[in-house]
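A.B. asks: Need a 3D model of the following:
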Amino acid sequence: MSLQAATKLQPLAFARAFARGLSTQGAAAQGVSSSPAAAQQVAEIEAKAVYQAASSVPALRAPTVFGLNASSIANGIRANAAATPFAAHKAQSLPVRNMSILAASKMVGAGCATIALAGVGAGLGVMFGSLINGAARNPNIAKQLVGYALLGFALTESIALFSLLVVFLILFA
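C.D. replies: Alright, predicted model coming up:
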């Protein structure tokens with residue numbers, strides 16, 4: 001049976017067992033068989049549990065141990081966790097982490113979009129290399145080949161401009 005199920009079924013018995021366990025652990029650590037202070041604490045806890053059982057609705061009641069309920073214990077743990085120097089960055093890490101993931105995703109997308117520039121560079125090199133080769137083989141049509149090369153250069157560069165447009169949209173939009 002889980003701890004939550006045990007506390008819901010028999011909160012008074014759970015409080016007694018927990019308090020007795022703590023008192024015997026403290027007594028065993030000190031080398032004493034039993035202490036009157038521990039017995040008094042057990043009696044106080046039982047009295048509080050009986051008072052709570054009589055005054056509250058059983059379905060809505062949270063178990064208390066040593067006058068503390070689950071929410072106050074959790075708040076104390078959270079306060080201690082927030083006060084540690086190792087957790088000082090955690091309050092700010094979620095928005096910063098989301099922004100850093102977004103920035104990294106933008107950089108990856110922009111890098112992928114610039115792959116088209118490598119194709120444009122290779123295409124221009126092949127195109128002007130072919131222009132030189134064609135003009136060397138047939139100098140009579142060199143002027144016509146230059147017109148075709150400039151048209152090919154303009155169309156190839158338009159691909160580069162479109163890819164740069166996509167990069168800037170990814171980074172700054």
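A.B. asks: Only C-alpha atoms from now on, for both contacts and neighbour counts.
C.D. replies: Fine.
A.B. asks: can you give me the helices for the chain?
C.D. replies: 3-9, 11-30, 36-55, 70-83, 90-113, 115-137, 142-172 (DSSP state H).
A.B. asks: Show the contacting residues for residue 108.
C.D. replies: Contacts for residue 108 (Cα atoms under 8 Å, 6 or more residues apart in numbering) come out as none.
A.B. asks: how much space between it and residue 139?
C.D. replies: 47 Å (Cα to Cα, to the nearest Å).
A.B. asks: what does residue 117 give?
C.D. replies: 32 Å.
A.B. asks: just residue 125 next, same as before
C.D. replies: Going from residue 125 to residue 139 by Cα to Cα gives 20 Å.
A.B. asks: So which bits of stretch 164-173 are buried?
C.D. replies: Buried positions in stretch 164-173, judged by neighbour count with 16 or more other Cα atoms under 10 Å: 164, 166, 167, 170.
A.B. asks: any chance of those residues in JSON lines, plus distance to residue 154?
C.D. replies: Formatted as JSON lines, the buried residues of stretch 164-173 follow (distance: Cα to Cα, whole Å):
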{"residue": "164", "distance to residue 154": "15"}
{"residue": "166", "distance to residue 154": "18"}
{"residue": "167", "distance to residue 154": "20"}
{"residue": "170", "distance to residue 154": "24"}
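A.B. asks: returning to that earlier point: looking at residue 117 and residue 139, which is more packed in?
C.D. replies: A count of neighbours by other Cα atoms under 10 Å puts residue 117 above the other of residue 117 and residue 139, at 18 against 12.
A.B. asks: which residue packs closest to the more buried one, ignoring adjacent ones?
C.D. replies: residue 160 (5.5 Å; Cα to Cα, 6 or more residues apart in numbering).
A.B. asks: Any idea how many residues pack against that neighbour?
C.D. replies: The number of residues packed near residue 160 is 21, by other Cα under 10 Å.
A.B. asks: show me the contacts for it.
C.D. replies: Residue 160 touches 116, 117, 120, counting by Cα under 8 Å, 6+ apart.
A.B. asks: Alright, that wraps it up for me.
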